[in-house]
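*Asks:* Predicted coordinates and the sequence they were generated for:
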Amino acid sequence: MKFNTKTIHGGQENVDPAYGSVMPPIYQTSTYSQSTPGGHKGFEYSRSGNPTRAALENSLASIENGKYGIAFGSGLAAIDAVMKLFKPGDEIISTNDLYGGSYRLFTSIFEKLGIKFQFIGMQEAENIENYINDHTKLIWVETPTNPMMNIIDIEAVSKIAKKHGLLLAVDNTFATPYLQLPLELGADIVMHSATKYLGGHSDVVMGGLVVKDQKLAEKLYFIQNASGAICGPQDSFLVLRGIKTLHLRMQRHCENGEAVAKFLKSHPKVDKVYWPGFDDHPNHHIAKKQMSGFGGMISFTTAEKTLESAVKLVEKLKVFTLAESLGGVESLAGHPASMTHAAIPKEEREKIGVLDSLIRLSVGVEDEEDLLEDLRQALG
Ligand SMILES: *Cc1c(COP(=O)(O)O)cnc(C)c1O
């Protein structure tokens with residue numbers, strides 16, 4: 001089965017044995033009747049398993065070319081489950097330019113529990129080897145990175161992970177499996193904030209993991225049930241519905257993203273534009289190798305280079321909504337320095353390029369001309 005077909009049919013055989021409904025029913029139930037103690041039909045309690053969630057988990061596994069999907073109540077709950085594979089004394093090497101919430105989870109929760117993190121630049125994959133020691137267990141990669149749109153070579157990192165017997169996890173939220181398949185490039189775990197492109201309609205918060213290895217899957221299912229950070233059946237249904245149009249939406253996100261990136265690059269009131277599709281993006285060759293398109297996430301700085309100019313610009317936007325989050329059908333604009341990345345000290349922030357004049361766009365699937373016109377009036 002090819003990708004577009006998988007988004008619709010992958011893992012969806014016989015979702016309703018009772019009546020043959022095309023979409024899986026929303027099994028809004030906490031428990032299931034048993035004919036005799038232990039005599040159930042595959043489900044006993046909805047923390048452990050629910051048919052609607054199972055349909056979604058099978059879809060996730062299918063679209064990521066994995067075998068096992070494990071869904072959670074949020075993207076961070078999914079990352080939290082991965083961290084619970086480890087014990088005090090273990091070390092994790094992570095991308096330094098990553099989602100602020102992941103950074104917060106690592107440093108304020110798991111560091112306290114005795115897991116050590118090293119945050120490093122991974123654009124040169126060989127750099128990672130300098131940080132590996134006997135305690136290292138996992139490499140955590142986010143690519144493209146948020147908000148600087150750096151690209152990390154997943155295949156090169158996976159070779160290093162394999163050489164040293166480490167697990168490799170990739171946060172695939174920005175790219176989605178439409179653009180990039182980390183498991184095919186050697187990753188062991190793919191993570192998603194399904195809140196973003198997979199759900200696609202800004203109406204649900206959810207997370208997911210996908211793996212190929214059965215033993216690893218069993219450990220993660222154990223954590224899912226033992227810690228209990230599951231998603232409900234209604235939310236599972238919504239994300240499953242979102243996935244069915246992922247390929248159509250991503251195609252338009254990519255087209256509009258390219259148009260917006262090029263427009264911004266040629267505009268005199270814009271300084272730098274960060275988008276991996278440009279020839280002069282420092283990791284463009286890797287993006288071209290591992291992604292089938294460049295997506296709809298773009299960051300840029302104003303030519304005036306001031307906080308005020310960026311704030312004024314985002315306030316003037318009308319079609320783009322000023323909001324956190326990304327990946328929905330509607331275009332959003334954000335100001336990382338005061339919104340998503342405000343928790344990072346200014347000095348640290350500026351080291352990785354998150355200046356006060358930086359604006360991040362999640363380009364939606366509206367008409368291109370309306371998006372360009374909105375940016376034109378706001379910049380003018
Ligand atoms: C939003 C996001 C997360 C966290 O997901 P939630 O669903 O908000 O918990 C993790 N990684 C990336 C790249 C994100 O954009």
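*Replies:* Structure received. Numbering: from 1, shown residues only.

*Asks:* Identify the residues contacting T321.
*Replies:* For T321, the contacting residues are 330-333, taking Cβ atoms under 8 Å, 6 or more residues apart in numbering as the criterion. (C-beta placed from N, C-alpha, C; glycine too.)

*Asks:* Swap in 6 Å and give it another go.
*Replies:* Residues touching T321, when contacts are defined by Cβ atoms under 6 Å, 6 or more residues apart in numbering, comprise L332.

*Asks:* How much space separates it from V15?
*Replies:* The spacing between T321 and V15, counted by Cβ to Cβ, to the nearest Å, is 34 Å.

*Asks:* again, but for A259
*Replies:* When Cβ to Cβ is applied, the distance between A259 and V15 equals 38 Å.

*Asks:* The two: who's more crowded?
*Replies:* With neighbours defined as other Cβ atoms under 10 Å, A259 and V15 compare such that V15 has more, 19 against 15.

*Asks:* residue in the protein nearest to the ligand?
*Replies:* For the chain, the nearest residue to the ligand under the criterion Cβ to the nearest ligand atom is G75, separated by 2.2 Å.

*Asks:* Is it correct that that residue is in contact with L209?
*Replies:* No. Between G75 and L209 there is no contact, the gap being 10.0 Å when judged by Cβ atoms under 6 Å.

*Asks:* So which of these two has more stuff around it?
*Replies:* With neighbours defined as other Cβ under 10 Å, G75 and L209 compare such that L209 has more, 29 against 24.

*Asks:* Just give me the neighbour total for the residue nearest to K41 when sequence neighbours are not counted.
*Replies:* Nearest residue to K41 in three dimensions, chain neighbours excluded: Y32, at 6.8 Å (Cβ to Cβ, 6 or more residues apart in numbering). Y32 sits with 16 neighbouring residues when counted by other Cβ under 10 Å.

*Asks:* residue contacts, Y32?
*Replies:* For Y32, the contacting residues are 40, 43-44, taking Cβ under 6 Å, 6+ apart as the criterion.

*Asks:* Within range of the ligand, give me the residues from the stretch 51-200 of the chain.
*Replies:* By the criterion of Cβ under 6 Å from any ligand atom, the positions of the stretch 51-200 of the chain lying close to the ligand are 74-76, 99, 101-102, 142, 146, 171, 173-174, 193, 195-196.

*Asks:* how about the helices in the stretch 1-150 of the chain?
*Replies:* Defined through DSSP state H, counting those that start in this stretch, the helices belonging to the stretch 1-150 of the chain, from first to last, are 3-9, 51-63, 75-83, 100-104.

*Asks:* Distance check, the nearest residue to E330 once chain neighbours are set aside against T340.
*Replies:* What sits nearest to E330 in space, not counting adjacent residues and going by Cβ to Cβ, 6+ apart, is G364, at 4.7 Å. Going from G364 to T340 by Cβ to Cβ gives 18 Å.

*Asks:* Same check on T301?
*Replies:* Between T301 and T340 the computed distance is 16 Å (Cβ to Cβ).

*Asks:* now swap in S299 and tell me
*Replies:* According to Cβ to Cβ, S299 stands 11 Å off from T340.

*Asks:* Between the two, which has more neighbouring residues?
*Replies:* Here S299 and T340 are compared on neighbour count by other Cβ under 10 Å; more neighbours surround S299, at 23 against 20.

*Asks:* Could you tell me whether Q224 really is in a helix?
*Replies:* Yes. When the secondary structure is assigned by DSSP: H, G, I helix; E, B strand; the rest coil, Q224 falls within a helix.

*Asks:* dump the residue contacts of it.
*Replies:* Here Q224 is in contact with I70 (criterion: Cβ under 6 Å, 6+ apart).

*Asks:* any idea of the pLDDT on it?
*Replies:* Per-residue confidence for Q224 comes out at a pLDDT of 98.

*Asks:* hang on, G10 packs against E64?
*Replies:* No. G10 is not in contact with E64 according to Cβ under 6 Å; the separation is 9.6 Å.

*Asks:* Using the three-state scheme, assign I298.
*Replies:* strand.

*Asks:* Write down the beta-bridge partners of it, one by one.
*Replies:* L361 (DSSP bridges).

*Asks:* biggest helix in this structure, by residue count?
*Replies:* Under DSSP state H, the helix in the chain containing the largest number of residues is helix 246-265.

*Asks:* Pull out the buried positions in it.
*Replies:* Under the neighbour-count criterion of 16 or more other Cβ atoms under 10 Å, helix 246-265 has 246-247, 249-250, 252-254, 256-258, 260-261, 263-264 buried.

*Asks:* Over to stretch 342-354?
*Replies:* So for stretch 342-354, counting by 16+ other Cβ under 10 Å, buried means 344, 349, 352-354.
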